[in-house]
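J.: give me the fold of what follows.
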Amino acid sequence: MFDLKQLQLFTAVAEFGSFSRAAVALSISQPVLSRQIKSLEDKVGVALLYRNGRGIVLTEAGKILQSYAVALLEQAARAETELAALRSNPRGTIVLGMPPSVGVVLTAPLVQNFRAQFPQVSLRVIEGFSGHLLEWLVMGKIDVAVLYNAPRMNNLLAEPILRDELFLLGARNDPHNLGPGPVDAAVMSRLPMILPARPHGLRVVLDHILGSAGIEPNIEVEVDAMPSTLRLVEAGIGYTILSYSSCHNLVAEGRINYWRIRNPPIERELLLATSSQRPTTTVIRALTTLIRDEVRILRKLGVWEPRQPAPDHAADAEKAG
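T.: Model prediction:
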């Protein structure tokens with residue numbers, strides 16, 4: 001295996017026909033240059049240079065090596081140039097996976113900013129349950145995942161980016177007269193609940209938290225699709241549990257109500273994950289940075305969580321009394 005640095009030194013000596021002139025041009029000492037050429041000759045097992053009255057001359061072996069060395073150095077220089085261009089203007093495809101409740105608020109601003117930064121890279125966004133996203137990430141089907149409550153795994157690099165509070169959502173006319181919030185989680189044992197079926201990640205979280213509190217929700221309809229769930233809630237057919245990001249636009253338009261939940265509160269952890277089994281490219285690092293930035297921006301805008309806590313009119317009434 002040739003050392004490109006030694007080949008560079010060798011071609012310089014051959015070009016200048018002098019160790020001293022080559023050493024000056026390369027900004028190294030002549031003894032160091034001589035040792036490197038001697039090391040190269042030892043490696044190939046033949047003499048490459050000899051001295052005559054006019055200076056340094058190539059042997060037949062030296063002429064052969066020079067032709068290959070020049071070609072190798074030119075190829076290495078082209079490779080370096082192309083890699084530098086790739087670093088400054090990457091190409092290819094990167095695949096991001098998110099749950100629907102995240103994608104509904106994150107996809108549009110993220111794609112817009114990513115395309116502005118990497119116009120030659122195709123960003124593919126896939127939505128799925130957190131369990132499926134984890135499986136796809138480990139299998140290499142996606143490059144980056146935003147998911148909830150992932151287990152610790154040796155081949156997973158995951159960092160928390162948000163504690164996501166879940167809210168009780170119901171129709172604007174409050175068909176079961178819950179009144180102002182917050183509400184106790186136990187109320188779900190008497191409300192007609194619309195929840196996803198297992199193994200949906202949200203259902204697993206709810207079963208664990210509510211089960212630990214001895215609460216059994218009154219599930220009347222199981223729907224895995226978030227848009228369908230929200231339409232049923234808006235129509236007054238039942239109540240559901242979702243993050244604020246899932247419904248912020250409906251709340252802003254006055255189409256549904258939301259209540260903060262207590263005793264116990266219901267939260268889940270949003271994680272940003274990549275695989276430790278694959279290299280972290282410049283594009284992956286940039287995408288994960290954009291995701292962190294967008295989450296912070298959305299929180300400040302009141303999209304991911306209410307700018308103000310869910311109204312507690314009951315507490316206000318007590319203060320007024």
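J.: after the helix or strand hosting Ala158, next one along is what?
T.: Assigned by DSSP states H and E, Ala158 belongs to strand 156-171. Using DSSP H and E, the helix or strand that follows strand 156-171 in sequence is strand 183-184.
J.: helices and strands around the helix or strand following that next one, which ones?
T.: Using DSSP H and E, the helix or strand that follows strand 183-184 in sequence is strand 193-195. Judged by 3 or more CB pairs under 8 Å, 6 or more residues apart in numbering; DSSP states H and E, the packing partners of strand 193-195 are helix 201-212, strand 219-222, helix 226-234, strand 240-243. (Glycine included, C-beta is placed from N, CA and C.)
J.: out of the ones you listed, which gets nearest to Pro151?
T.: Between Pro151 and the helices and strands packed on strand 193-195, the tightest spacing by CB to CB is seen for helix 201-212, at 11.5 Å.
J.: residue ranges in the stretch 51-200 of the chain under the pLDDT threshold?
T.: Counting by pLDDT under 70, the stretch 51-200 of the chain shows low-confidence ranges at 81-82, 84-89.
J.: off-centre distance for the longest helix along the chain?
T.: Assignment by DSSP state H gives helix 60-88 as the longest helix of the chain. Centre-to-centre, helix 60-88 and its host chain are 35 Å apart (CA atoms, centre = their mean, to the nearest Å).
J.: how about it: buried residues?
T.: Gly62, Leu65, Gln66, Ala69, Leu72 (16 or more other CB atoms under 10 Å).
J.: and stretch 205-221, by the same measure?
T.: Buried positions in stretch 205-221, judged by neighbour count with 16+ other CB under 10 Å: Val205, Leu206, Ile209, Leu210, Ile215, Pro217, Ile219.
J.: tell me how many other residues crowd Pro151.
T.: Look at Pro151: counted by other CB atoms under 10 Å, it has 7 neighbours.
J.: can I assume it sits in a helix?
T.: No: assessed with DSSP: H, G, I helix; E, B strand; the rest coil, Pro151 is coil; it does not lie in a helix.
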